[in-house]
Structure formats: structure tokens, C-alpha cells
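**Q** Fold the following for me, if possible:
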Amino acid sequence: MKKIFKQALVATLPVLTGYLVLGFGFGIVLKANGFGVGLALAMSVFIYAGSMQYVAIGLLSGGASLLTVALTTLMVNARHLFYGISMLEQYRNIGRKKPYLIFALTDETYSLVCGGEPGLPEKERNNYYFLVSLLNQSYWVAGSLLGAGVGSLIQFNSEGIDFALTALFLTVFLEQWLTAERHVSAVIGVAASVGCLLLFGRENFLIPAMLVIALLLCICKEND
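**A** Numbering: from 1, shown residues only. From the prediction side, this is the model:
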């Protein structure tokens, strides 16, 4: 188990740096909008959805209805439906850890586990998936608490901090581009996203883009 933990720790180091900064930014913005450390902890433990947590701050501050919150959550996190579908076979024999692994499947965690860990037997590989997921969430929780704590002590302008989330997405994309042998999925993702953005606008492009990406990836897989 010690060996698996070390592998998971090394694999998640890039996420550690990103999540501490992103979580810190989330805690700062949350505190700047009048919410406390307790809410930062609760959201990071039970919601654990970086982009949606940032969006939720505005919804909570603006007094949005439950229907608005539900529809916004669906729009922002629709891509996770496709993440989960693609992991059905990989997580089939995961056992009691499966509910948590499904819950913890963020963008960055997905990028680390979707390729598996071919150097490990199945049981150790399942432990690797679990540790990667748990470590990544612990980074996010730590960053959120730190940001909310600092925000309670120091007052400053938090405008623009939420752009850190976009920066992390770009970092993950570039890392996968540099390490992957094939770039078909990356090109499909970028092309479909830009195309749908131009066609449907920034408020409505996410779900159409996910559908187009899923369709094109299925077509490419059948042709392999």
C-alpha cells in the first residue's frame, strides 16, 4: 500500500499545486461575499465541484431559486455524465470504493485515472484510483480552508481570482498533449467546443459541445 500511495502522490503533484491555488481562490471569493469557513469546508467536502462551487457563490449571493441552482448545476457539470460513462468498465470491479470514486471524478482526477495504471495488478490498481481521488479532494479542501481563513484575516480585492480555474484546465490540457502519443481526442475537444461556442454562444454551448465530442469520439473508437 505504501508503494501505491507513493505512486498516487507523485501522479497528483501537478493537481496539488493547481488545487491549492484554486481552492484558495474559492475560499477568498466565498469569504469576500460574506460566507464563512464552515461553508467553504462543507462545499468542498460534499459538493467538490470546482467550477460549480465558484458559480454557486454568485447563486447564493443573488438569492437564486432551487430550480435555477439545479439547472445551472446540470449545465456546468454535464460533462461529468460522459466521464462516468467512459469509466463504467474500468470501475466495474472496484467494490465498496465505487460510490466515492464516482463522486470524486473531477476533470483532473479523470485525466489521471482514465488511462489506468498498467504497471499494477487489478487490486492495487483499484487502490491507486482511490488514493488519487482522495488525495486530489484533500488538496481542494485544504486550499479552500486556507483561502477562507486568510480571507477572514485580510481584506483585499478578489476580482479576477476565479480565472485560476481556467488556468488549471489549460495546464491539464497541455500536460496531456505533451505526454499523449495521439492527439485526436484533444483536437476533437477543442474543435467541437469552439464550433459550438460560435454557434450557440457562451451561455448555451456546453451541452451541445459535450454531445458532439461524445459522438465524434465514439465514431473514432469504432474506426480504430
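**Q** so what are the domain limits for the protein?
**A** 2-161, 180-224 (automatic domain parsing).
**Q** To Phe173, which of those lies closest?
**A** Evaluated over the domains of the chain, closeness to Phe173 peaks at domain 180-224, with 6.8 Å, by Cβ to Cβ. Placement of C-beta: from N, CA and C, glycine included.
**Q** and after the lowest-mean-pLDDT helix or strand in the chain, which helix or strand comes next?
**A** Scoring the helices and strands of the chain by mean pLDDT, DSSP states H and E places helix 164-179 at the bottom, with a mean of 70. Per DSSP states H and E, helix 164-179 leads on to helix 184-200 as the next helix or strand towards the C-terminus.
**Q** And the helices in the protein?
**A** Using DSSP state H, the helices of the chain run over residues 2-32, 37-42, 50-61, 66-76, 79-86, 98-103, 107-113, 122-153, 164-179, 184-200, 206-223.
**Q** For the fourth one, output the C-alpha coordinates as PDB.
**A** I take that to be helix 66-76. Taking C-alpha atoms only, helix 66-76 is exported to PDB below (Å, rounded to 0.1, in the frame of the first residue of the first chain):
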ATOM      1  CA  LEU A  66     -33.700  26.000  -6.200                       C
ATOM      2  CA  LEU A  67     -34.700  25.400  -9.800                       C
ATOM      3  CA  THR A  68     -32.100  27.900 -11.000                       C
ATOM      4  CA  VAL A  69     -29.500  26.200  -8.900                       C
ATOM      5  CA  ALA A  70     -30.500  22.700 -10.200                       C
ATOM      6  CA  LEU A  71     -30.500  23.800 -13.900                       C
ATOM      7  CA  THR A  72     -27.200  25.700 -13.500                       C
ATOM      8  CA  THR A  73     -25.500  22.700 -11.900                       C
ATOM      9  CA  LEU A  74     -26.700  20.400 -14.700                       C
ATOM     10  CA  MET A  75     -25.300  22.800 -17.300                       C
ATOM     11  CA  VAL A  76     -22.000  23.400 -15.600                       C
END
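**Q** now that helix: how far from the chain's centre is it?
**A** Relative to its chain's centre, helix 66-76 lies at 17 Å (Cα atoms, centre = their mean, to the nearest Å).
**Q** what angle separates that helix from helix 79-86?
**A** 50 degrees (axes from the mean of the first three to the mean of the last three Cα atoms, to 10 degrees).
**Q** Please name the residues that touch Phe82.
**A** Residues in contact with Phe82 (Cβ atoms under 8 Å, 6 or more residues apart in numbering) are Met210, Ile213, Ala214.
**Q** Quick check: the first one vs Phe82, distance?
**A** This points to Met210. Distance, Met210 to Phe82, using Cβ to Cβ, to the nearest Å: 6 Å.
**Q** go on, the second one?
**A** Note on Ile213: its distance to Phe82, by Cβ to Cβ, is 7 Å.
**Q** low pLDDT regions in this structure?
**A** Scanning the chain for pLDDT under 70 picks out the ranges 115-118, 156-166, 168-169, 172, 175-176, 206, 221-224.
**Q** about what we covered before: closest one to Ala70 out of the contacts of Phe82, please.
**A** Closest to Ala70, out of all of those and judged by Cβ to Cβ, is Met210, at 18.0 Å.
**Q** so what's that closest one up against?
**A** By Cβ under 8 Å, 6+ apart, the neighbours of Met210 are Ala78, Arg79, Leu81, Phe82.
**Q** now the residues you listed in a markdown table, with distance to Val10?
**A** A markdown table is the format used below for these (distance: Cβ to Cβ, whole Å):
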| residue | distance to Val10 |
| --- | --- |
| Ala78 | 32 |
| Arg79 | 27 |
| Leu81 | 30 |
| Phe82 | 28 |
